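K.L.:
Build the 3D model from these lines:
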Amino acid sequence: MRSSGERARLAAFLAPPLIAAAVVLAARAGAADAPPAPPAPPPTQVTRLGLPFDGIWGVIQGFDSGDSHVGYAAFALDFVPAQRAGARPPPRGAPLTRFACYGRPVLAPAGGRVVVVARHARDWPAYVKGKDEGNFVILEHAPGEYTEFRHLQAGSVRLARGELVRRGQLIGRCGNSGNATTPHLHVGFLSSIHPITTRPMVLSDYEVLASGGAWRPGDGALREGDLVRPVARPRGEP
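P.N.:
Below you'll find the predicted structure:
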């Protein structure tokens, strides 16, 4: 049996490790409760991106829309050509050619290199959600800067992996392949292709239709409901 003095020395010997362990456990608990650090913002965009089409188109789905543009696709945009006010969509069973978007040219928004291409998928009937990835093209413009174009028309993609493209070059036509239910053009600006991850994009050389009916220069950020059209790049600019 230990004397009272021995018990006191033993308690003094054990106390510091026990206190230290308690501090460590408390720190770990606090770290677990802390919210995760926000992801680092992407580096400044270096590629000057134009619109990937001619004529007037509308943005039918914007960034982080809560529909399909969430997660890895949070910063994608969906487009269709503008139609006259009051125009109604084609009914179920209508051929794809009745849709304003179907067959319209899709153009490279900047020079780059084809890094991914899929061109052997079918076009699904309108209002039927496809069960494959569809036809699509991904271009690399700079390190960590890619554009992707999805739902392209069957048979319209003639590019090969590794091919260089120039700004404004035809890369395919708007279709209804993949998981689209009606023809539209899906455009994403990517920071990675493995896995595919979108990042915010800044667009140039376009105008937006203002509420009063006048066209004004775009500010670089497209929003759902915008009607936009490309404008020629000023002479002397790269």
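
K.L.:
Please parse this structure into its domains.
P.N.:
1-36, 57-230 (automatic domain parsing).

K.L.:
and Q45, which of these is closest to it?
P.N.:
domain 57-230 (5.3 Å; CB to CB). (Glycine included, C-beta is placed from N, CA and C.)

K.L.:
Phi, psi for P230 please.
P.N.:
phi -80, psi 150 (degrees, to the nearest 10).

K.L.:
Leaving out the residues flanking it, which one is nearest to L170?
P.N.:
Nearest-residue entry for L170: P105, 5.5 Å, with adjacent residues in sequence omitted and distances by CB to CB, 6 or more residues apart in numbering.

K.L.:
oh, I was asking about I138
P.N.:
The nearest residue in space to I138 (CB to CB, 6+ apart) is V116, at 3.9 Å.

K.L.:
mind listing what that neighbour touches?
P.N.:
Contact analysis of V116 by CB atoms under 8 Å, 6 or more residues apart in numbering lists 136-138, 148, 161, 193.

K.L.:
mind listing which of those residues are in strands?
P.N.:
Using DSSP state E, the members of the contacts of V116 that fall in strands are 136-138, 148, 193.

K.L.:
the strands in this structure, which residues?
P.N.:
Counting by DSSP E, residue ranges of the strands within the chain are 57-61, 76-81, 105-107, 112-118, 135-142, 145-152, 164-165, 170-173, 185-193, 196-198, 206-209, 215-217, 227-230.

K.L.:
What's the end-to-end length of stretch 102-111?
P.N.:
24 Å (CA to CA, to the nearest Å).

K.L.:
oh sorry, the question was meant for stretch 174-181
P.N.:
13 Å.

K.L.:
Ok, stretch 120-131 next?
P.N.:
14 Å.

K.L.:
what comes up buried for that stretch?
P.N.:
Neighbour-count burial for stretch 120-131, counted by 16 or more other CB atoms under 10 Å, picks out 121, 123-124, 126, 130.

K.L.:
Make TSV out of these and add distance to A87.
P.N.:
Listed next are the buried residues of stretch 120-131 as TSV, based on distance: CB to CB, whole Å:
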residue	distance to A87
A121	28
D123	22
W124	23
A126	15
G130	25
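
K.L.:
Of those, which is the nearest to F99?
P.N.:
For the buried residues of stretch 120-131, the closest approach to F99 (CB to CB) belongs to A126, at 6.8 Å.

K.L.:
Low-confidence ranges, this structure, go.
P.N.:
Within the chain, the ranges that satisfy pLDDT under 70 run 1-40, 64-70, 72, 234-238.

K.L.:
who's in contact with G130?
P.N.:
121, 124, 176-180.
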